[in-house]
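1. what's the 3D shape of this:
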Amino acid sequence: MNKKMSALLILALVMVLQPGVAQTNQIQTNHPMLSQQKGNIWSKLNRAYLQPKFQKAGQLSVLNEAEIYSWSGEGWFTNGKVNYQYQDGNLVQVIGSVFDGEGYTIGDRTTYSYLDGYLAQEIYEEADMETNELQNVERIGYGYTDFNGTKHLTGMLYSDWINGWIVSGKDDFTYTDGIISGGIYYTTDNFNFIEEEKFTVTSSNDTTVITYFVKSENEWLSTEREIYAGFSPQQLFNYYMNLDHSLYDMIFSYPLIVLELPDVLIQEHLDSTWENTERISSNKFYELGNDMLTKLHKNFEYWNEVEWAAEERVEYYFNTDSRIDSALVKFNFEPPALQTYMKESFLHDSFGNLVTIVTQVDSGEGLQEYMKTELRWSNSEPTSNYEDPLAAKGFKLAPAYPNPFNPATNIQYTIEQAGEVSIKVYDLLGREVAELIDGRQAAGSYTIKFNAEGLSSGIYYVRMSAGNFTATRSISLVK
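-> Take a look at the predicted model:
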């Protein structure tokens, strides 16, 4: 998928498939810096105007907390949470915490500061693995100019923390009649800014074209372009500025992010000609006899040099309140058939707040519960509690999460009474590849991380022995 179009999509999908079990043992808060510098230009502009997006129109309702749960095979157990703090109506902090079995530990934090109501700076910190103290990682500064009484984003300055803030790059944006018309991304050699990439925005007959270039030996070479039919630059600008920014930073849902994307054609510049590569298109289905939307398809297709072929489709189903009831994510694993890989179900409260997202994933045995996100708004109704992961209820070896994984996965197990416990990992030939536990443990529930760095892709087996209890679970390493 085109890197500029899909930066947010890939980030969201990775987060869904690995919810809060990153290698750093931190809850990932979908921070934009992870893909910001070469991401979609519209996502960058959207960030600069994020402060009005976190409050629901017509309601005094803001998102206070998102708690993430994983499925153990027996019930839900908490994995981590993200808290959102506000001041004077602006979001000022996003704090991600991981649950270690006994309590929450802060994993990362993003702090936002404002000037005259506009986002001026954000700083991203991560917890040190040994001390758990938050340390600076990255920073973005925002610059604006006034145009007819409205501030327009004209620059973004990126810095990394290396015993102090070191500038790593910047974006400069240009406007025509108040609408963005181009921009340049610069890297730095610590002394000078170096032009690396740029884009231009042009239009004709209600079609907007964004063309991307790279700098090569003092010459700009066109590489890709996005064609938005039916959008003038003003309409496209308005479309992206009106998106619910909370989807990108606050709600952990790949289908909800995809739903926000407009139809677009992607082309690559090859041998002096523009060649089709990918496109997003939409199909809407209405209830017979009225204009009530009942179903919507977002189609991702690639050009196979002969015709458009299906790559992915997200299917949305709406209830009578015009709210999303569920979504299916289908991939083209074995052409030409699309196969369901993920399903998300959505629950809203009486205020219209989205309060629960349940994610199911098919890892080869049909759709199974995988992750649940509970969203707590300032006026939301209470949601159900999770199952206490510390309550020992017999001997159990829960399914690993994530699964498939790369390169690490978590293994949760429960022992009913104190005794000797052994947990080992074997390959398909029965050879031991790792010993995770070998010793005496007290009764309770535990989680251990298995890191498969150095092992090849394939199926492995986790075998647990405790007293007369034995159990085996399969795990899939995909690199």
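
2. all contacts plus neighbour counts: C-alpha atoms, from now on.
-> Will do.

3. And the closest residue to residue 174 other than its chain neighbours, how far from residue 142?
-> Leaving aside its chain neighbours, residue 174 sits nearest to residue 182 (5.3 Å; criterion: Cα to Cα, 6 or more residues apart in numbering). As for residue 182, its distance to residue 142 is 17 Å (criterion: Cα to Cα, to the nearest Å).

4. what's the answer for residue 95, then?
-> 21 Å.

5. Please apply the same query to residue 298.
-> 33 Å.

6. Check residue 363 too.
-> Here the criterion is Cα to Cα. By it, residue 363 lies 42 Å from residue 142.

7. neighbour-wise, which of those two wins?
-> Remark: of residue 363 and residue 142, residue 142 carries more neighbours, 21 against 14, as counted by other Cα atoms under 10 Å.

8. what's in contact with whichever helix or strand that one is part of?
-> Assignment of secondary structure by DSSP states H and E places residue 142 within strand 134-147. With Cα atoms under 8 Å, 6 or more residues apart in numbering as the test, strand 134-147 has contacts from 33, 48, 107-109, 119-128, 151-161, 178.

9. Check which residues of stretch 466-476 are buried.
-> Residues 466, 472, 474, 475, 476 are the ones in stretch 466-476 that count as buried (16 or more other Cα atoms under 10 Å).

10. Just the buried residues of the contacts of strand 134-147.
-> 33, 48, 107-109, 119-127, 152-161.

11. For stretch 307-316, buried residues please.
-> In stretch 307-316, counting by 16+ other Cα under 10 Å, buried: 309, 310, 311, 312, 313, 314, 315, 316.

12. need those in TSV with pLDDT, can you?
-> Putting those into TSV (pLDDT from 0 to 100) gives the following:
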residue	pLDDT
309	90
310	89
311	89
312	92
313	94
314	94
315	96
316	95
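
13. Tell me which two in those residues are the farthest apart.
-> Greatest spacing in the buried residues of stretch 307-316, by Cα to Cα: 309 and 316 (20.4 Å).

14. which regions of the chain lie under the pLDDT threshold?
-> Applying pLDDT under 70 to the chain flags the ranges 1-61, 240-252, 335-336, 379-393.

15. could you show me where the strands are in the stretch 251-400 of the chain, in order?
-> Taking DSSP state E, counting those that start in this stretch as the test, the strands found in the stretch 251-400 of the chain are 264-270, 273-286, 293-303, 308-318, 324-334, 337-348, 354-362, 367-377, 396-397.

16. In TSV, list these along with distance to residue 214.
-> Below are those laid out as TSV (distance: least, Cα to Cα, whole Å):
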stretch	distance to residue 214
strand 264-270	12
strand 273-286	16
strand 293-303	23
strand 308-318	27
strand 324-334	31
strand 337-348	35
strand 354-362	38
strand 367-377	40
strand 396-397	51
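
17. Nearest to residue 76, out of those strands?
-> Smallest distance to residue 76 across the strands of the stretch 251-400 of the chain (Cα to Cα): 8.0 Å, for strand 367-377.

18. could you dump that closest one to CSV, C-alpha only?
-> Written as CSV, here are the backbone C-alpha positions of strand 367-377 (Å, rounded to 0.1, in the frame of the first residue of the first chain):
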residue,chain,number,x,y,z
LEU,A,367,-13.0,-15.6,14.4
GLN,A,368,-12.1,-15.5,18.0
GLU,A,369,-12.1,-12.8,20.7
TYR,A,370,-8.9,-10.9,20.7
MET,A,371,-9.1,-7.4,22.1
LYS,A,372,-11.6,-5.1,23.7
THR,A,373,-11.4,-1.4,24.1
GLU,A,374,-13.7,0.4,26.6
LEU,A,375,-14.0,4.2,26.1
ARG,A,376,-15.0,6.4,29.0
TRP,A,377,-16.4,9.8,28.1
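
19. Tell me the strands beside it, with direction?
-> Strand 367-377 has its sheet partners listed here by DSSP bridges as strand 63-71 (antiparallel), strand 354-362 (antiparallel).

20. Nearest to residue 261, out of these?
-> With Cα to Cα as the measure, strand 354-362 is the member of those nearest residue 261 (19.5 Å).

21. Show me how the protein divides into domains.
-> The chain breaks down by automatic domain parsing into domains covering 3-377, 396-477.

22. which non-adjacent residue is nearest residue 95?
-> Distances taken as Cα to Cα, 6+ apart place residue 109 nearest to residue 95, at 4.4 Å, with adjacent residues excluded.

23. quick one, what contacts the one you found?
-> So residue 109 contacts 93, 94, 95, 96, 124, 125, 126, 134 (Cα under 8 Å, 6+ apart).

24. The fourth one: how many residues sit nearby?
-> Right, the one you point to is residue 96. By the criterion of other Cα under 10 Å, residue 96 has 27 neighbours.

25. hang on, isn't residue 198 packed against residue 174?
-> No: under the criterion of Cα atoms under 8 Å, residue 198 makes no contact with residue 174, lying 11.0 Å away.

26. Mutual contacts of those two, please.
-> With Cα under 8 Å, 6+ apart as the test, residue 198 and residue 174 both reach 182, 183.

27. returning to what we had before: columns distance to residue 375 on top of the buried residues of stretch 307-316, output as TSV?
-> What follows is those, written out as TSV (distance: Cα to Cα, whole Å):
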residue	distance to residue 375
309	37
310	33
311	31
312	28
313	26
314	22
315	23
316	20
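
28. For residue 254, state which of the residues you listed is nearest.
-> Residue 254 lies nearest to residue 314 out of the buried residues of stretch 307-316, by Cα to Cα, at 9.6 Å.

29. wait, what's in contact with the closest residue in space to the closest one that isn't next to it in sequence?
-> In space, residue 314 comes closest to residue 329 once its chain neighbours are excluded; the distance is 4.5 Å by Cα to Cα, 6+ apart. By Cα under 8 Å, 6+ apart, the contact list for residue 329 reads 255, 312, 313, 314, 315, 340, 341, 342, 343.
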